[in-house]
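*Asks:* below are the sequence and a predicted model for it; my questions follow.
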Amino acid sequence: MQLSYLSEPSVLYNLQYRYSQDMIYTKAGPVLVAVNPFKKVALYGNEYIKAYRNKTMDSPHVYAIADSALREMKSDEVNQSIIISGESGAGKTETAKIAMQYLASLGGGSGIEYEILQTNPILEAFGNAKTLRNDNSSRFGKLIEIHFSTTGRICGAMIQTFLLEKSRVVQCAVGERSYHIFYQLCAGAPTTLREKLNLKKVDEYKYLKQSCCYSIAGVDDAEMFRAVTEAMNIVHISKEDQDNVFAMVSAVLWLGDVSFTIIDNENHVEITVEEAAETVSRLLGCSIEDLNLVLSKRHMKVNNENIVQKLTLTQATDTRDALAKALYASLFEWLVEQINKSLSVGKRRTGRSISILDIYGFESFDKNSFEQFCINYANERLQQHFNRHLFKLEQEEYVEDGIDWAKVEFEDNQDCLNLFEKKPLGLLSLLDEESTFPNATDLTFANKLKQHLDTNSCFRGERGKAFTVRHYAGEVAYDTSGFLEKNRDLLHMDSIQFLAKCKLSIPQTFASKMLAQSDNLESIPYRPSVADSQKLSVAMKFKGQLFQLMQRLESTTPHFIRCIKPNNLQLPAIYGQELVLQQLKCCGVLEVVRISRSGYPTRMTHQKFARRMVFFFLRMLRLKIHLVFRLQFFINSTFCLRCIKLATQSCSSELVRLATLRILGIVLYMVF
Ligand SMILES: Nc1ncnc2c1ncn2[C@@H]1O[C@H](COP(=O)(O)OP(=O)(O)OP(=O)(O)O)[C@@H](O)[C@H]1O
């Protein structure tokens with residue numbers, strides 16, 4: 001269906017009508033809109049892949065987007081990107097997997113494509129969790145770069161991840177779950193592994209108990225565990241490494257159960273030596289004494305003198321949780337590294353690739369914390385990229401080319417990005433500055449923002465510790481509680497040295513990585529002055545990652561997919577018009593439709609045009625030559641037939657023979 005009159009109601013009606021017919025994909029100008037069906041739809045599989053490859057089917061589809069990315073990569077020799085965005089639960093991860101399946105099917109052959117697909121169950125097990133909005137929510141961002149050989153075959157891949165939500169390991173809201181792997185391991189580990197890791201039932205671990213949610217409807221955690229180990233085998237993670245990985249997962253769970261005994265009236269503590277502490281020390285390969293030391297005491301340097309400070313119950317609990325979070329985050333990073341080693345691009349690398357970006361969508365809840373602050377900042381950056389490609393650059397080019405063009409107005413989010421990034425008075429710089437003051441609190445941070453940013457049109461100071469940002473997608477009120485601590489993300493040097501001393505190689509590897517990171521910081525001008533901060537702040541690291549990501553995306557031809565969540569209940573056949581309209585507005589789809597209708601969606605350079613057209617001209621030439629031959633054949637044959645007729649009339653057998661030979665000659669010439 002092609003809409004000739006575009007208005008909000010017509011676009012909405014069209015989407016809803018198509019959704020009711022299970023046509024979940026719709027093209028809005030150059031953007032593919034995917035409405036989550038929340039059920040199996042018969043739109044995928046080999047038959048469909050074949051149909052899109054052979055172009056016998058051309059209705060909007062993720063396959064069609066992946067197909068044009070593949071074709072454009074080959075014909076234009078430019079790297080491509082498929083940028084998938086949308087709210088939590090809108091279907092980004094599923095869409096990314098569907099695109100990967102299509103690429104694997106067309107570019108497969110070496111077997112590496114199967115390995116690439118098998119990274120999904122691993123990353124989902126360690127990086128996804130059940131939230132109130134999505135039973136399988138990715139708690140990290142992911143960019144997968146699929147590399148192709150000169151013959152157009154997949155020859156490797158590289159995965160980059162962004163900002164895993166670490167806090168979920170130790171803290172989880174009621175009704176949500178921590179990372180799937182905790183539940184999968186407890187449900188699916190075979191008896192020997194269960195005994196080796198001293199596994200309990202999920203409802204017996206403190207970290208998992210707090211949210212009172214242990215299972216997901218329709219999901220068999222034990223079965224998922226088998227799928228994860230199978231996937232690990234396929235990406236060449238050795239049996240020994242798998243055992244080490246699961247030992248770390250179990251150690252994190254048991255760490256949450258390590259309790260403390262108060263030893264004096266100043267609330268100082270020591271660890272209680274019981275099952276939890278013993279299991280952690282066994283799983284990490286350390287002594288109980290070392291575990292006690294790292295969790296109950298801290299080495300400090302005061303006036304050039306080394307002193308040992310005893311920790312209070314709150315400090316010791318925080319140190320324990322920081323260690324658990326750091327262990328899990330390091331494990332996740334290590335796993336991604338192992339996967340990348342296994343998928344690394346061989347010698348046949350051509351430098352051509354298709355990247356698929358599946359990154360958390362814009363989030364606005366009743367209470368928004370540091371995580372939402374970072375996620376929404378990332379979405380502002382991505383929206384800027386989207387705007388640049390679909391509005392700014394396009395219109396600028398029309399003006400440059402002297403095309404008579406009425407400018408289409410669009411929501412530019414540059415002001416909001418400036419609010420985040422400006423130095424020295426942007427949100428990120430102010431957060432970092434405050435994070436370096438030992439006596440700063442979340443309240444002093446909130447006051448600082450109000451003092452410096454109250455005149456900014458994208459900012460509004462609120463009462464107490466809160467502030468509001470006017471994002472492109474709407475206003476979000478942030479509560480600064482925990483901002484400084486999460487941004488500093490301190491892991492005391494004592495904890496790093498503790499991991500380095502462990503007998504098992506995997507915690508040692510984590511420690512060397514952490515130490516290397518802190519060494520690298522020597523060369524960075526920004527260095528927190530807090531005595532123990534060894535690392536770049538979380539927000540600054542994330543900002544750096546985002547800049548790199550944007551640079552990478554800028555060098556590709558982008559293909560945009562906007563995923564839409566039709567209802568908040570995760571149920572099929574429910575279509576909330578208001579909810580859909582709000583998402584379409586937020587992600588700029590309605591403006592895209594407007595601009596692409598009134599603009600010139602197909603543009604190419606003369607060289608690209610010539611390269612593409614040369615095949616067409618050759619075909620035309622071949623056709624012309626063919627027609628000339630046919631005409632010649634026709635004229636010659638008519639001439640010969642006339643000769644035969646004349647010869648038979650004049651009864652000259654010699655003439656008949658000559659004419660017949662001539663016809664035969666022509667036929668042979670045409671055939672060969
Ligand atoms: N094309 C599809 N066909 C069938 N079901 C789908 C499809 N896309 C999404 N779903 C359903 O919606 C759920 C949520 O999708 P998905 O996990 O991809 O969302 P997301 O946008 O990646 O969310 P988050 O940002 O929280 O990770 C899936 O678990 C699946 O049940």
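*Replies:* Cool, got the structure. Numbering: from 1, shown residues only.
*Asks:* next, count neighbours for residue 593.
*Replies:* 23 (other CB atoms under 10 Å). Every C-beta, even on glycine, is put in place using the N, C-alpha and C of the backbone.
*Asks:* where does it land in three-state SS?
*Replies:* helix (DSSP: H, G, I helix; E, B strand; the rest coil).
*Asks:* once you drop chain neighbours, what's closest to it?
*Replies:* residue 28 (4.8 Å; CB to CB, 6 or more residues apart in numbering).
*Asks:* isn't the one you found right up against residue 14?
*Replies:* No. Using CB atoms under 8 Å, residue 28 is not in contact with residue 14; the gap is 9.5 Å.
*Asks:* which of the two has more neighbours?
*Replies:* A side-by-side neighbour count of residue 28 and residue 14, using other CB under 10 Å, places residue 28 first with 26 against 17.
*Asks:* pull the contacting residues for the more buried one.
*Replies:* 11, 562, 589-590, 592-593, 596 (CB atoms under 8 Å, 6 or more residues apart in numbering).
*Asks:* can you check residue 219 too?
*Replies:* Counted by CB under 8 Å, 6+ apart, residue 219 has contacts residue 135.
*Asks:* would you mark the buried spots in whichever helix or strand residue 315 is part of?
*Replies:* Of the helices and strands defined by DSSP states H and E, residue 315 is found in helix 313-342. Across helix 313-342, burial judged by 16 or more other CB atoms under 10 Å covers 315-332, 334-336, 338-340, 342.
*Asks:* bridging residues for residue 34?
*Replies:* On the basis of DSSP bridges, residue 34 is bridged to residue 25, residue 563.
*Asks:* out of the contacts of residue 28, which two sit at the greatest distance?
*Replies:* 562 and 596 (13.6 Å; CB to CB).
*Asks:* of all the contacts of residue 28, which comes closest to the ligand?
*Replies:* The ligand has its nearest neighbour among the contacts of residue 28 in residue 562, at 10.8 Å by CB to the nearest ligand atom.
*Asks:* find the nearest non-adjacent residue to that closest one, please.
*Replies:* residue 587 (4.8 Å).
*Asks:* ok, now which ones touch the one you found?
*Replies:* Residue 587 makes contacts with 85-86, 383, 386, 473, 562, as judged by CB under 8 Å, 6+ apart.
*Asks:* now the residues you listed as JSON lines including secondary structure?
*Replies:* JSON lines is the format used below for the contacts of residue 587 (three-state DSSP):
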{"residue": "85", "secondary structure": "strand"}
{"residue": "86", "secondary structure": "coil"}
{"residue": "383", "secondary structure": "helix"}
{"residue": "386", "secondary structure": "helix"}
{"residue": "473", "secondary structure": "coil"}
{"residue": "562", "secondary structure": "strand"}
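*Asks:* show me which residues of the chain are close to the ligand?
*Replies:* 36-38, 40-41, 86, 88-94, 134-138, 360-361, 563 (CB under 6 Å from any ligand atom).
*Asks:* same thing but at 8 Å, please
*Replies:* 24, 34, 36-41, 43-44, 62, 86-98, 128, 131, 133-139, 358, 360-361, 563, 565, 570 (CB under 8 Å from any ligand atom).
*Asks:* would you mind checking the residues you listed for buried ones?
*Replies:* So, by 16+ other CB under 10 Å, the buried ones in those are 24, 34, 36-38, 43, 62, 86-96, 98, 128, 131, 133-135, 137-139, 358, 360-361, 563, 565.
*Asks:* from those residues, which land in helices?
*Replies:* In this view, these that belong to helices under DSSP state H are 62, 92-96, 98.
*Asks:* which of the residues you listed sit farthest apart?
*Replies:* The farthest-apart pair in those, when distances are taken by CB to CB, is 62 and 93, at 12.3 Å.
*Asks:* re the thing from before, looking at residue 562 and residue 596, which is more packed in?
*Replies:* Taking other CB under 10 Å, residue 562 and residue 596 do not tie; residue 562 has more neighbours (26 against 19).
*Asks:* how near is that one to residue 134?
*Replies:* Between residue 562 and residue 134 the computed distance is 17 Å (CB to CB, to the nearest Å).
*Asks:* go on, residue 204?
*Replies:* 26 Å.
*Asks:* closest one of the contacts of residue 28 to residue 609?
*Replies:* Checking the contacts of residue 28 against residue 609 by CB to CB gives residue 596 as the nearest, at 20.1 Å.
*Asks:* packing partners for the helix or strand hosting residue 447?
*Replies:* Assigning secondary structure by DSSP H and E places residue 447 in helix 442-453. Helices and strands touching helix 442-453, by 3 or more CB pairs under 8 Å, 6 or more residues apart in numbering; DSSP states H and E, are helix 427-435, strand 459-461, strand 466-471, helix 483-488.
*Asks:* and with 10 Å instead?
*Replies:* helix 427-435, strand 459-461, strand 466-471, strand 474-479, helix 483-488 (3 or more CB pairs under 10 Å, 6 or more residues apart in numbering; DSSP states H and E).
*Asks:* how far is the third one from where the chain is centred?
*Replies:* Offset of strand 466-471 from its chain centre (CA atoms, centre = their mean, to the nearest Å): 25 Å.
*Asks:* what's in contact with it?
*Replies:* 362, 364, 367-368, 373, 376-377, 379-380, 383, 413, 415-416, 419-420, 427, 445-447, 449-450, 453-454, 456-462, 475-481, 586 (CB atoms under 10 Å, 6 or more residues apart in numbering).
*Asks:* one step back: now the helices and strands packed on helix 442-453 in JSON lines, with mean pLDDT, distance to residue 394 and mean neighbour count?
*Replies:* Output for the helices and strands packed on helix 442-453, formatted as JSON lines (pLDDT from 0 to 100; distance: least, CB to CB, whole Å; neighbours: other CB atoms under 10 Å):
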{"stretch": "helix 427-435", "mean pLDDT": "96", "distance to residue 394": "30", "mean neighbour count": "21"}
{"stretch": "strand 459-461", "mean pLDDT": "97", "distance to residue 394": "30", "mean neighbour count": "17"}
{"stretch": "strand 466-471", "mean pLDDT": "97", "distance to residue 394": "23", "mean neighbour count": "20"}
{"stretch": "strand 474-479", "mean pLDDT": "95", "distance to residue 394": "25", "mean neighbour count": "17"}
{"stretch": "helix 483-488", "mean pLDDT": "93", "distance to residue 394": "37", "mean neighbour count": "20"}
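*Asks:* can you redo the ones you listed as JSON lines with distance to residue 175?
*Replies:* Compiled in JSON lines, those are given as follows (distance: least, CB to CB, whole Å):
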{"stretch": "helix 427-435", "distance to residue 175": "30"}
{"stretch": "strand 459-461", "distance to residue 175": "31"}
{"stretch": "strand 466-471", "distance to residue 175": "24"}
{"stretch": "strand 474-479", "distance to residue 175": "20"}
{"stretch": "helix 483-488", "distance to residue 175": "22"}
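*Asks:* between these, which gets nearest to residue 514?
*Replies:* helix 483-488 (14.5 Å).
*Asks:* for the closest one, name the packing helices and strands.
*Replies:* Using 3+ CB pairs under 10 Å, 6+ apart, helix 483-488 sits against helix 370-387, helix 427-435, helix 442-453, helix 538-554.
*Asks:* chain center to the helix holding residue 315: distance?
*Replies:* 20 Å.
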